[in-house]
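# Model the structure of this input:
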Amino acid sequence: MSEFSITVNGEVHSVEADPDMPLLWVLRDLLGLTGTKFSCGIGACGACTVHIDGAAVRSCLTPISTAAGKQVTTIEGLSSDGSHPLQKAWIEKQVAQCGYCQPGQIMTAAALLAANPDPSEEEISAVMAGMLCRCGMYSRVLAAIQQAAANGGE
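Take a look at the predicted model:
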């Protein structure tokens, strides 16, 4: 066990964990931030996506030792009141069905819009291609990202 300092959603935390412990479990089990979801555990679905220094990463594959000393943003940190343009667009476009994959979908889209405020449909599709939605809401996801981009996105 080692001690790590990690900044999550702007707040510095000190955690004791095995250096190989996935960031997902640090967030959920040690810090109580359960918005980030566990699904496949092999980085294939994207439900566990968070940002590290602004980049979208799969937290189930990212060891705490890699995230230590960096800025981590989870779905809870995207906005405190659901006012982020993507969160608003998700509601307006009725994207969520079961909702399980939504935190990872939104965090992936947020990283895209931060890097590219006006992505084409092809660019959105390319970035979101690795995100699995069991409910099949892909066309609504696309529409929500396009709406958020039109409304200032980030």
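# how far away is the residue nearest to I52 when sequence neighbours are not counted from D53?
In space, and not counting its chain neighbours, I52 is closest to K70: 5.2 Å by C-beta to C-beta, 6 or more residues apart in numbering. No exception for glycine: its C-beta is placed from N, CA and C like everyone else's. From K70 over to D53 the distance is 5 Å, taken as C-beta to C-beta, to the nearest Å.
# Have a look at the two and say which one is more surrounded.
Just comparing K70 and D53: by other C-beta atoms under 10 Å the higher neighbour count belongs to K70, 17 against 12.
# Tell me who's in contact with that one.
In this structure, K70 makes contact with 6-7, 52-53, judged by C-beta atoms under 8 Å, 6 or more residues apart in numbering.
# Go ahead and build a PyMOL selection from the buried members of the residues you listed.
The PyMOL selection below is limited to those of the contacts of K70 classed as buried (16 or more other C-beta atoms under 10 Å):
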select buried, resi 6+7+52
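# Just the contacts of K70: which are in strands?
Among the contacts of K70, the ones falling in strands (DSSP state E) are 6-7, 52.
# for the chain, what spans make up the helices?
In order along the chain, the chain carries the following helices (DSSP state H): 23-25, 64-67, 75-78, 85-92, 102-115, 121-128, 138-150.
# rewinding a little: how about JSON lines for the contacts of K70, with pLDDT and distance to R140 added?
Shown next, in JSON lines, are the contacts of K70 (pLDDT from 0 to 100; distance: C-beta to C-beta, whole Å):
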{"residue": "I6", "pLDDT": "96", "distance to R140": "33"}
{"residue": "T7", "pLDDT": "97", "distance to R140": "33"}
{"residue": "I52", "pLDDT": "98", "distance to R140": "27"}
{"residue": "D53", "pLDDT": "97", "distance to R140": "29"}
